[in-house]
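# Structure, please.
(one chain, ligands or ions: 1)
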Amino acid sequence: MTRRANGKRYLGNTNTKEVHDLDNEQPQCQISKIIVAGHDVYFDAHAQAKAAGYDNGHWCLGNSTR
Ligand SMILES: [Zn+2]
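As a prediction, the model looks like this:
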């Protein structure tokens, strides 16, 4: 079961500037809340999210730089 949107693996939260890996989604990510709030943006590649200034989600990606 995957939540990928339009085949894109990474979901960025425009409010917190964190990126989540939808293939490793954890309950703590609260992806549903991000989408309901309209804060979701999608990336094909992790590098794209990093280039856009997004930090790693703590639960699904780890190695947060904050
Ligand atoms: Zn996450």
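# which intervals of this protein have sub-threshold pLDDT?
1-3, 66 (pLDDT under 70).
# ok, which stretches of it are helices?
31-36, 46-51 (DSSP state H).
# show me the contacts for Asp44.
Residues near Asp44 by C-beta atoms under 8 Å, 6 or more residues apart in numbering: Gly7, Lys8, Arg9, Tyr10. Every residue, glycine included, has its C-beta placed from N, CA and C.
# In ChimeraX, select just the buried ones from those residues.
Burial among those is assessed by 16 or more other C-beta atoms under 10 Å; the matching ChimeraX selection reads:
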select :9,10
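# any idea which of the contacts of Asp44 is the one closest to the ion?
Of all these, the ion sits closest to Tyr10, with 9.6 Å by C-beta to the ion.
# For the closest one, give the beta-bridge partners.
Here Tyr10 sits in beta bridges with Asp21, Phe43, going by DSSP bridges.
# so who does it touch?
Contacts for Tyr10 (C-beta under 8 Å, 6+ apart) come out as Val19, His20, Asp21, Leu22, Tyr42, Phe43, Asp44, Ala45, His46, Gln48, Ala49.
# Then His39?
Asn13, Thr14, Asn15, Thr16.
# Next, it: phi, psi?
Dihedral angles of His39 (phi, psi; degrees, to the nearest 10) stand at phi -100, psi 10.
# That one - nearest residue in space that isn't next to it in sequence?
Asn15 (4.3 Å; C-beta to C-beta, 6 or more residues apart in numbering).
# Next up, the contacts around the residue most central in space within the chain.
Within the chain, one residue has its C-alpha closest to the average C-alpha position: by C-alpha atoms, centre = their mean, that is His20, at 2.3 Å. In this structure, His20 makes contact with Tyr10, Leu11, Gly12, Asn13, Cys29, Ile31, Ile34, Gly57, Cys60, Leu61, judged by C-beta under 8 Å, 6+ apart.
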